[in-house]
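>>> From the sequence below, what's the structure:
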Amino acid sequence: MSSEKLTGVNFWETYWEKDTGKRKNKRPNLSFLELLNVFNGQLPQTKGLRILEIGGAKGEYLLYLVRRFGYEGHSLDYSKAGNEQTLETFSRAGYEVQVYERDLFADNSDLPLFDIVFSLGFIEHFDDPVPVVESHLKLVRPGGILLLGVPNYSGVYKPVLKRLAPSMFLTHNMKIMDVRTWSGFEKKFGLEILYRAYIGGFEPLNMKKLEKKSLVNRLIYFLIQVLTVIFSFRFRGLRKYNSAAISSYLVGIYRKSK
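You can find the predicted model right below:
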């Protein structure tokens, strides 16, 4: 079984080479702070567990989990530029990480099995999530944990993004952003659902992308910037309200059968 990639090695090499240093002064996406709350409340707090991030560049979430829970950190990514950033992230923080520069769909039978395997913003770059999830599960020990997260660009975000950044729809499988589609791989692999929810509430930053720079689009982009500031400082409490229509992120945590 195979799944067609909506992106490739060249796409990610270019992405990570351009990304170097550009986020230092960038306003944080507060929905990702909600993701950290999910980690804190749902993942086992047992030191020494072996954790693997798939599509792990540039390692910021993995570093958080290693620091927070005392996990042993591992990262798998086929981007050389991305892996270099992961190593730099951990080096600056004074932590160790094992990086595997390889394709998830290659023969990875030489790798150990992991207590926790996770990917964030990965499975939506494929036309079919089933073989992608299967490849994740091959690296999870029996009874171990699989965590999947994807941004939600559907709902209220979709019409805005289709106007401002239409190329996004070439690299993202929008169907995966509907949690009802996840039942397909959940049932196929007999996954025990530990947690599954839309999180983050309304996040204007999900729409802060501008490819087609017409006058109207620039105005819409300006309004998004204003909303970003307002929702960052005035309406944080609204983030507790979540649904497929407005939430910025979707997370599932599962236990693999023994």
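>>> tell me the SS of residue 201?
State at residue 201, reduced to three classes by DSSP: H, G, I helix; E, B strand; the rest coil: coil.
>>> wait, what's in contact with it?
Neighbouring residues of residue 201 by CB atoms under 8 Å, 6 or more residues apart in numbering: 31, 34, 238-242, 246-248. In short, each C-beta sits where N, CA and C put it, glycine included.
>>> swap in residue 180?
Per CB under 8 Å, 6+ apart, neighbours of residue 180: none.
>>> Give me the helices and strands touching the host helix or strand of residue 83, please.
Per DSSP states H and E, residue 83 falls inside helix 80-93. Identification of packing neighbours for helix 80-93 by 3 or more CB pairs under 8 Å, 6 or more residues apart in numbering; DSSP states H and E yields helix 9-19, helix 60-69, strand 72-77, strand 98-101.
>>> what is the orientation angle of the third one with helix 80-93?
Interaxial angle, strand 72-77 versus helix 80-93 (axes from the mean of the first three to the mean of the last three CA atoms, to 10 degrees): 160 degrees.
>>> Which of the helices and strands packed on helix 80-93 comes out lowest on mean pLDDT?
Lowest mean pLDDT within the helices and strands packed on helix 80-93: helix 9-19, a mean of 43.
>>> Could you point out the helix or strand that follows that helix?
Once the chain leaves helix 9-19, the next helix or strand it forms, by DSSP H and E, is helix 30-42.
>>> that older thread, quick one: distance of the helix holding residue 83 to the chain centre.
17 Å (CA atoms, centre = their mean, to the nearest Å).
>>> Show me what counts as buried in it.
81-87, 89-90 (16 or more other CB atoms under 10 Å).
>>> which of the residues you listed lies closest to residue 151?
Within the buried residues of helix 80-93, proximity to residue 151 (CB to CB) peaks at residue 82, which comes in at 17.7 Å.
>>> does the spatially closest residue to the closest one that is not a sequence neighbour sit in a helix, a strand or a coil?
Using CB to CB, 6 or more residues apart in numbering and skipping residues adjacent in sequence, the residue nearest residue 82 is residue 57, 2.6 Å away. Under the three-state scheme (three-state DSSP), residue 57 adopts coil.
>>> since we're on residue 57, how many residues are nearby?
26 (other CB atoms under 10 Å).
>>> is it true that it touches residue 88?
No. The criterion here is CB atoms under 8 Å, and residue 57 misses it with residue 88 at 10.4 Å.
>>> ok so, going back, from the contacts of residue 201, keep the buried residues only.
Looks like the contacts of residue 201 have 31, 34, 239, 242, 246-248 buried, using 16+ other CB under 10 Å.
>>> mind listing the helices in the stretch 101-250 of the chain by residue range?
129-137, 157-164, 168-171, 183-188, 215-233 (DSSP state H, counting those that start in this stretch).
>>> can you list those helices in CSV and add mean neighbour count, distance to residue 209 and mean pLDDT?
Output for these, formatted as CSV (neighbours: other CB atoms under 10 Å; distance: least, CB to CB, whole Å; pLDDT from 0 to 100):
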stretch, mean neighbour count, distance to residue 209, mean pLDDT
helix 129-137, 20, 23, 96
helix 157-164, 18, 6, 94
helix 168-171, 13, 7, 82
helix 183-188, 14, 28, 96
helix 215-233, 13, 8, 88
